[in-house]
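Visitor: predicted model, plus sequence, below.
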Amino acid sequence: MTTQAKTRIDAHFIIGGKYHDMDTPRIEILKLLAEHPEVRTTVACDYSGLDRLDQCRFLVTYTVDEIPTPDQTEKIRSWLEAGGKWLALHGTNSILTFTEDGLVDAPADTSGVMKLLGTQFKAHPPIGPFEVEVVEKDHELTRGIDNFEVVDELYITDITNDINVLMQTTFAGEATGFVADQWPETKVPILYTRSVGAGEIVYNILGHCRGHYDLPGMQDFYPHKEMCAWNYDVFYEMMRRSIAWAIRDEAPVPA
């Protein structure tokens, strides 16, 4: 018989932005959170309303080109320092602009959020297979998981602060269509942690998703639906472990 938790846990989930199917990850992440009936989650499409964090043990974000303002970044920072947990996914570390030549650029961060996160997106090669190496094998998020291959959108990042890499891959080649398009052999974090005061960030770079109707004004009908890591059991295992980490009461945030 399963013992039910007796204490409610509040969470906040921000999902929104551009060029991606946000509906599928929204549904899938909420389903994973619903495996824990004690977790009660509010959902937003941007970083407004962050006063909600004062009641929350953890924050989940799946965003693309949707970043907090400097004041909102400071709100998240202070909440983390008091013991909050932030599960950041896929494009949370992205800022995107287009040049006159139609190339995608990743401009400098003016909000401070990329330094807080520890990485900033710079480019990605075409979607394809790559090997994920488990670097830290004795961690709750990786223990018992072997190296694996996945087809996904590989986010090549700049390291902006101290991070603890748990999984990584190696990339060398061209990121077609980006200002930063040529890459020598580069170690790319896939899963990492970062401590902020009494709190912690877990960042999982996997999880691209795009449907037929997610490039309005660019391509009315995108022919190839992309589910990427959402097709893999190992990704769901990583997500379940990350949610279990977020739920665990190590350093509760004061009310």
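Guide: Sure thing, it's come through.
Visitor: who touches the longest helix along the chain?
Guide: Longest helix of the chain, by residue count under DSSP state H: helix 233-247. For helix 233-247, the surrounding residues in contact (CB atoms under 8 Å, 6 or more residues apart in numbering) are 9, 11, 29, 32-33, 35-36, 38-39, 57-58, 60, 85, 87, 140-141, 145, 148, 150, 191, 202, 204, 206-207, 229. Using the backbone N, CA and C atoms, a C-beta is placed for each residue, glycine as well.
Visitor: any weak-confidence spans in the stretch 151-255 of the chain?
Guide: By pLDDT under 70, the low-scoring segments of the stretch 151-255 of the chain are 250-255.
Visitor: show me where it has strands.
Guide: Remark: strands assigned in the stretch 151-255 of the chain by DSSP state E, counting those that start in this stretch are 156-159, 164-174, 182-196, 199-204.
Visitor: switch those strands over to JSON lines; also include mean neighbour count and distance to Ile243.
Guide: JSON lines is the format used below for the strands of the stretch 151-255 of the chain (neighbours: other CB atoms under 10 Å; distance: least, CB to CB, whole Å):
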{"stretch": "strand 156-159", "mean neighbour count": "18", "distance to Ile243": "23"}
{"stretch": "strand 164-174", "mean neighbour count": "17", "distance to Ile243": "16"}
{"stretch": "strand 182-196", "mean neighbour count": "17", "distance to Ile243": "14"}
{"stretch": "strand 199-204", "mean neighbour count": "24", "distance to Ile243": "10"}
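Visitor: nearest to Gly49, out of the ones you listed?
Guide: Across the strands of the stretch 151-255 of the chain, Gly49 has its closest neighbour in strand 199-204 (19.5 Å, CB to CB).
Visitor: so what does the closest one touch, helix or strand wise?
Guide: In terms of contacts (3 or more CB pairs under 8 Å, 6 or more residues apart in numbering; DSSP states H and E), strand 199-204 is packed against helix 70-81, strand 85-89, helix 113-117, strand 182-196, helix 233-247.
Visitor: from what I can see Asp21 touches Cys209, true?
Guide: Yes - with contact defined as CB atoms under 8 Å, Asp21 and Cys209 form a contacting pair (4.5 Å).
Visitor: more crowded one of those two?
Guide: Higher neighbour count among Asp21 and Cys209: Cys209, with 23 against 19, using other CB atoms under 10 Å.
Visitor: OK, contacts around the more buried one?
Guide: His20, Asp21, Met22, Thr24, Pro25, Glu226, Met227, Cys228, Trp230.
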